[in-house]
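J.: Turn this into a structure:
(chains A, B, C and D)
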There are 2 protein chains.
Amino acid sequence: MFSLSEENYLKSIYHLEAIHGKGISTNSIAKKLETKASSVTDMIKKLAEKKVLVYKKYQGVSLTVLGRKEAANIVRKHRLWEVFLVDKLNFSWDEVHDVAEQLEHIKSPKLIDELDVFLGFPKMDPHGDPIPDKEGNFQKIEKRLLSTLEENKTGICVGVNDSSSDFLKYLDKNNISLGKKIKVLSKESFDGSLTILIHSKEITISKKISNNIYIQ
Amino acid sequence: MFSLSEENYLKSIYHLEAIHGKGISTNSIAKKLETKASSVTDMIKKLAEKKVLVYKKYQGVSLTVLGRKEAANIVRKHRLWEVFLVDKLNFSWDEVHDVAEQLEHIKSPKLIDELDVFLGFPKMDPHGDPIPDKEGNFQKIEKRLLSTLEENKTGICVGVNDSSSDFLKYLDKNNISLGKKIKVLSKESFDGSLTILIHSKEITISKKISNNIYIQ
DNA sequence: ATAATTTTTTAGATAAGGCTAAAATTTTTT
DNA sequence: AAAAAATTTTAGCCTTATCTAAAAAATTAT
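T.: Numbering: from 1, shown residues only, chains lettered A, B, ... in the order given. Model prediction:
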């Protein structure tokens, strides 16, 4: 059994490995968890003893098969709860994250199995992220950043790279949501900003925005 | 904001006050929480500073208005989650307690408001206990222990005094559930055991059992 | 009313998880 | 290849919530 803190470390390392591959540095974990590197060193020693990750001094960590399964399960819970909040309790996609961060730590296998049934075995959460199954497997959809789309080409919004309330509210304000068509009208080479057609309206978005929207 | 531990103290004191009135002893809290009296002394000092209870050395504690509201809200959350588990996720009444003990500590006013809506504003949990509203008020139904019912009289089961899985499974096994008619056929004065008619069957139950069943 | 018992509090210790500051190691620069 | 910089670890301390053992107060019994 893992403590709340241990679970948060596992989840962070899992997400970091998804981006950077194996060998996650102490500092990057500290940044992700908004804590200090010295605290991370302490915790990863403990997690290494619990066989969920491999740690060699000064060389970062990698999840073991056990650790990855454990982490995927926390992510599974987080995303199922997000679906519940949006589909059943009238939450909007920018309100779910903090609550799901709490709910993901509830320990009850039956609860999560039944929730899955109740929600109709969803495969995606409200932000377009895949929901792992009990073994930690999930369908990986091909997607690319909106920022990589060429002028005059069209894509469909299938996900976001940032689930912060601020970013999602910005998207809402501009009628950008999952499933929407987005056409790139022009690209400013100086700062990478895009003028796009969304919801039959022309708007200009910064590179930072287009770097956080996934299309298909 | 209160810690998980603080919330559990508040809830326990709230339940103890409901039975014994004001002035709850250190020892009784320790017993309820399965901890030591010295730990209780430390915690109630902290809670007194936070203005949720009044404490005078060697004289036990009483919840303040603030403390009672806080505690009622935790009970409200616990019972709403129990309804959710039974009504929506196919839990039986003997499986909900431990999970609800965890869920009751999730912090999100919107979550509990929306859950209340989603469940149709239930007034009772699966064990027949009332669900307080946001102000901590609830309808008190008149009920008495089955052990106080006279011979040849009939009552309707409206609640239980013990929500442990073992007790509830015993009730299931004997077809005793909320809303069921129970007739006392005879009373053994030696040990207080009762022979009752339930679900058109005659069974004999101990005093301990009849002391944990509420009827109306 | 004093002695015995029970309850409650205090004092000091422990474990988890975090911090700062300093030391050790690795990486980057010159 | 050495020096500088960045990263990581260690050492020691803090807080929260516990505990045990001993002291203090209240209650009960004689």
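
J.: Please make it C-alpha for all contacts and neighbour counts, starting now.
T.: Fine.

J.: Any part of the helix or strand harbouring residue A:9 near DNA strand D?
T.: Using DSSP states H and E, residue A:9 maps to helix A:4-20. No. Using C-alpha under 7 Å from any atom of the strand, helix A:4-20 never reaches DNA strand D; the gap is at least 13.0 Å.

J.: between whichever helix or strand comes after that helix and helix A:4-20, what angle do the directions make?
T.: Next helix or strand after helix A:4-20 toward the C-terminus (DSSP H and E): helix A:26-33. Counting by axes from the mean of the first three to the mean of the last three C-alpha atoms, to 10 degrees, helix A:26-33 lies at 110 degrees to helix A:4-20.

J.: List the buried residues of helix A:26-33.
T.: Judged by neighbour count (16 or more other C-alpha atoms under 10 Å in any protein chain shown), helix A:26-33 contains these buried residues: A:26-30, A:33.

J.: wait, does that helix make contact with DNA strand D?
T.: Yes. Judged by C-alpha under 7 Å from any atom of the strand, helix A:26-33 comes into contact with DNA strand D through A:26-28.

J.: which other helices and strands contact the very next helix or strand once past that helix?
T.: Toward the C-terminus, helix A:26-33 is succeeded by helix A:37-49 as the next helix or strand (DSSP H and E). Helix A:37-49 makes packing contacts with helix A:26-33, strand A:53-55 when contacts are defined by 3 or more C-alpha pairs under 8 Å, 6 or more residues apart in numbering or on different chains; DSSP states H and E.

J.: so how far is DNA strand C from residue A:26?
T.: For residue A:26, the distance to DNA strand C (C-alpha to the nearest atom of the strand, to the nearest Å) stands at 12 Å.

J.: residues contacting that residue?
T.: Contacts of residue A:26 were listed using C-alpha atoms under 8 Å, 6 or more residues apart in numbering or on different chains, and they are A:37, A:40-41, A:60-61.

J.: For PyMOL, write a command that selects the buried ones of those.
T.: Written as a PyMOL command, the selection of buried residues from these, which uses 16+ other C-alpha under 10 Å, is:
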select buried, chain A and resi 37+40+41+60+61
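
J.: where along chain A do the strands fall?
T.: In chain A, the segments counted as strands under DSSP state E are A:53-55, A:61-63, A:144-145, A:154-160, A:181-187, A:194-198, A:201-205, A:213-215.

J.: Format the ones you listed as TSV; extra columns: distance to DNA strand C and mean pLDDT.
T.: Converted to TSV, the strands of chain A look like this (distance: least, C-alpha to the nearest atom of the strand, whole Å; pLDDT from 0 to 100):
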stretch	distance to DNA strand C	mean pLDDT
strand A:53-55	13	97
strand A:61-63	13	98
strand A:144-145	27	96
strand A:154-160	27	97
strand A:181-187	31	96
strand A:194-198	32	97
strand A:201-205	32	96
strand A:213-215	30	97
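
J.: May I see the buried residues of helix A:26-33 organised as JSON lines, with pLDDT added?
T.: Converted to JSON lines, these look like this (pLDDT from 0 to 100):
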{"residue": "A:26", "pLDDT": "97"}
{"residue": "A:27", "pLDDT": "97"}
{"residue": "A:28", "pLDDT": "97"}
{"residue": "A:29", "pLDDT": "98"}
{"residue": "A:30", "pLDDT": "98"}
{"residue": "A:33", "pLDDT": "97"}
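
J.: Who are the packing partners of the helix holding residue A:9?
T.: Helix A:4-20 is packed against helix A:26-33, strand A:61-63, helix A:65-89, with contacts defined by 3+ C-alpha pairs under 8 Å, 6+ apart.

J.: can I get the residues of helix A:26-33 next to DNA strand D in TSV with distance to residue B:183?
T.: Conversion of these to TSV gives the following (distance: C-alpha to C-alpha, whole Å):
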residue	distance to residue B:183
A:26	68
A:27	69
A:28	68
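
J.: For the most centrally placed residue in chain A, which residues are in contact?
T.: The residue lying closest to the centre of chain A (C-alpha atoms, centre = their mean) is residue A:129, at 6.3 Å. Counting by C-alpha under 8 Å, 6+ apart, residue A:129 touches A:79, A:159.

J.: Then residue A:12?
T.: By C-alpha under 8 Å, 6+ apart, the residues touching residue A:12 are A:29, A:32-33.

J.: Pick the one among those closest to DNA strand D.
T.: The shortest gap between DNA strand D and any of those belongs to residue A:29, at 8.1 Å (C-alpha to the nearest atom of the strand).

J.: about what we covered before: export the helices and strands packed on helix A:4-20 to TSV and tack on distance to residue B:140?
T.: Formatted as TSV, those follow (distance: least, C-alpha to C-alpha, whole Å):
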stretch	distance to residue B:140
helix A:26-33	46
strand A:61-63	53
helix A:65-89	29
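
J.: which one of those lies closest to residue A:148?
T.: helix A:26-33 (25.8 Å; C-alpha to C-alpha).

J.: ok, which residues in chain A are in contact with DNA strand D?
T.: Counting by C-alpha under 7 Å from any atom of the strand, chain A sits next to DNA strand D at A:25-28, A:37-42, A:56-60.

J.: and with 10 Å instead?
T.: Residues of chain A lying close to DNA strand D (C-alpha under 10 Å from any atom of the strand) are A:23-31, A:36-45, A:55-61.
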